[in-house]
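Q: With the input below, show me the fold.
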Amino acid sequence: MLVSKMRTHIQKGAVVLMAAVSVYFVYYTWHSFRRAIRFCYGEMERWNNVQIVENDAVIEMSTRHIYFGLWAAAIVFSMAGILAGLYLLNRVRIGFLFDEISARSIQIFGAVTVLAMGVDTIFGFFDLYLLTLHNADHQFPVQYMYDPSDLKTAVLASVMFMFGWVMREAVKIERENKEFV
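A: Numbering: from 1, shown residues only. Below is the predicted model of the structure:
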């Protein structure tokens, strides 16, 4: 009785989280691509409004394409992480809590999120370089920019991956024990 009640609460919680994450997914996708397109192509003066870009710098379209491509890759991998999370929440919603596919879904969610943070970090390597590439006087080199939020997210996602791995092994052991008895 208690287990059934708890399962029902977990499933309802998954529905609420799915709704919130779905709204966030739509907002994140729309807002992120809108911002990237406006910055790189829509309003050309935006690039020159960045403080490190010199006033007389003429930004070539190829630089804008590269910048947009890196930015878009970071957005797409983040979207993939959100979709993996939604898939996992949907499995919980329909009642699959402790099975091998749910455990694998936790691993995929963790792995894709780590990958998204990696792509975001790579984008950060080139961010200041591309912004200042066409400056006459001061150009930034390609460099690592420490972002603690990306590092924390990657560590948390790594823990999720490991949790999924342990859960998969536990499900396998449980299945073997049931077959043995």
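Q: How far off centre is the longest helix seen in the chain?
A: Counting residues, the longest helix found in the chain (DSSP state H) is helix 2-37. Helix 2-37 sits 14 Å away from the centroid of its parent chain (Cα atoms, centre = their mean, to the nearest Å).
Q: What's the first helix or strand after it?
A: As assigned by DSSP states H and E, the chain's next helix or strand after helix 2-37 is helix 45-48.
Q: other SSEs contacting that next one?
A: If contacts are counted by 3 or more Cβ pairs under 8 Å, 6 or more residues apart in numbering; DSSP states H and E, helix 45-48 sits against no helix or strand. Glycine gets a C-beta too; all of them are placed from N, C-alpha and C.
Q: Excluding chain neighbours, what is closest to Ser105?
A: Leu88 (4.3 Å; Cβ to Cβ, 6 or more residues apart in numbering).
Q: can you pull the buried residues of the helix or strand containing the one you found?
A: Using DSSP H and E, Leu88 sits in helix 61-93. For helix 61-93, the neighbour count (16 or more other Cβ atoms under 10 Å) marks 63-64, 67-68, 70-72, 74-75, 77-82, 84-86, 88-89, 91-93 as buried.
Q: could you give the angle of the next helix or strand after it to helix 61-93?
A: Where DSSP H and E defines the elements, the next helix or strand beyond helix 61-93 is helix 100-132. Relative orientation of helix 100-132 with respect to helix 61-93: 160 degrees, computed using axes from the mean of the first three to the mean of the last three Cα atoms, to 10 degrees.
Q: when you give positions from now on, start the count at 446
A: From this message on, residue numbering opens at 446, which makes the last subject helix 545-577.
Q: mind checking how far helix 545-577 is from the chain centre?
A: Centroid displacement of helix 545-577 relative to its chain, using Cα atoms, centre = their mean, is 6 Å.
Q: Pull out the buried residues from it.
A: For helix 545-577, by 16+ other Cβ under 10 Å, it's 547-562, 564-566, 568-569, 571-573, 575-577.
Q: Then stretch 599-618?
A: The neighbour-count check on stretch 599-618 (16+ other Cβ under 10 Å) flags 599, 602, 605-606, 609, 612-613, 616 as buried.
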